[in-house]
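>>> below are the sequence and a predicted model; questions follow.
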Amino acid sequence: CEDPQTGITLPRRSLINSFGAGGAYANIIVEEFIGENNMKEEDTFDTEVLIIISAKTELSLTSYLKKLQEFLQRNSTVSIQAVAERVQKLNHDLDYKIAILVSSAEELIEKIAVLQRTGESSSARNIFTSSPRVNADSPSVSVEQALEEKDLTQIALHWLTGAAIDFKQLHGDLKSSWVDLPKYTFSHEVDFSFSPNEKITKIENEFFLRLSAKIASGELSEDEVQQILLAK
């Protein structure tokens, strides 16, 4: 925000108060972090990096890939090293996983597009996936050796198969600037609960199942759902 008197750009600040019933009082001032050159491509790192992404469901994973792709398209000069370090710190080790080796933001955009079309691993393109239905290939060297040699392919395979990876060993003392990546999309489940004494027919049960599916897919808005239930 801009100071109305001086015209100087200042970070946004917020005051949070907490009042206790017994007279206790506390407050905290939160100030916006403004990093320097966080969108500048850095040339001091290795040319290839490992991008890892995981999510609880396939829907969350594909939604996040789309968000990340759009983010990179808007910020084409972002440091790919900074993106790699950020996703490695966000490592959730969830059921649906993707590991990609890239050397630039443009290459990551292209490989995300490949995944969107095929949804499959491609060792020729250095794209690796795993899920409850599809197992990743087994690594051929130990985690320690892969980290020591900075073998990103083997590190990716170890991560996909559930190994704990200390990604800090990949970067040493080199630190990239902060990148505020998109947030994950969470899956939504809709449930209609009925009292134990309330009986519903088979037709009514099928109706609520279809309605739940349409709500979860975003086909129906909240207002439309209310109108359907009131009409019923």
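Everything's here; your move. In this text, all values refer to a predicted model and were calculated from it rather than measured experimentally.

>>> which stretches of this protein form strands?
13-19, 25-31, 49-55, 96-102, 127-130 (DSSP state E).

>>> which of those strands sits closest to residue 173?
strand 49-55 (16.6 Å; C-beta to C-beta). For glycine as for every other residue, the C-beta is placed from the backbone atoms N, C-alpha and C.

>>> that closest one: partners in the sheet, and parallel or antiparallel?
If you go by DSSP bridges, strand 49-55 pairs up with strand 96-102 (antiparallel).

>>> restrict the strand it pairs with to CA atoms and write it as CSV.
Coordinates of the C-alpha atoms in strand 96-102 are reproduced here as CSV (Å, rounded to 0.1, in the frame of the first residue of the first chain):
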residue,chain,number,x,y,z
TYR,A,96,-0.9,-39.4,-5.8
LYS,A,97,2.6,-38.3,-6.8
ILE,A,98,4.4,-36.7,-9.7
ALA,A,99,8.1,-36.1,-10.0
ILE,A,100,9.5,-34.1,-13.0
LEU,A,101,13.0,-33.1,-14.0
VAL,A,102,13.2,-29.7,-15.7
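
>>> start to end distance for stretch 160-167?
14 Å (C-alpha to C-alpha, to the nearest Å).

>>> who's in contact with it?
By C-beta atoms under 8 Å, 6 or more residues apart in numbering, the residues outside stretch 160-167 that reach it are 85, 88-89, 91, 93, 97, 99, 128-130, 135-136, 138-139, 143, 147, 155, 158-159.

>>> what about 6 Å?
Stretch 160-167 is contacted by residues 88, 97, 99, 128, 130, 136, 143, 159 when judged by C-beta atoms under 6 Å, 6 or more residues apart in numbering.

>>> which of these lies closest to residue 227?
residue 97 (40.7 Å).

>>> what sits against residue 19?
So residue 19 contacts residue 25 (C-beta under 6 Å, 6+ apart).

>>> likewise residue 13?
So residue 13 contacts residue 31 (C-beta under 6 Å, 6+ apart).

>>> from residue 32, how far out is it?
Remark: distance between residue 13 and residue 32 (C-beta to C-beta, to the nearest Å) = 7 Å.
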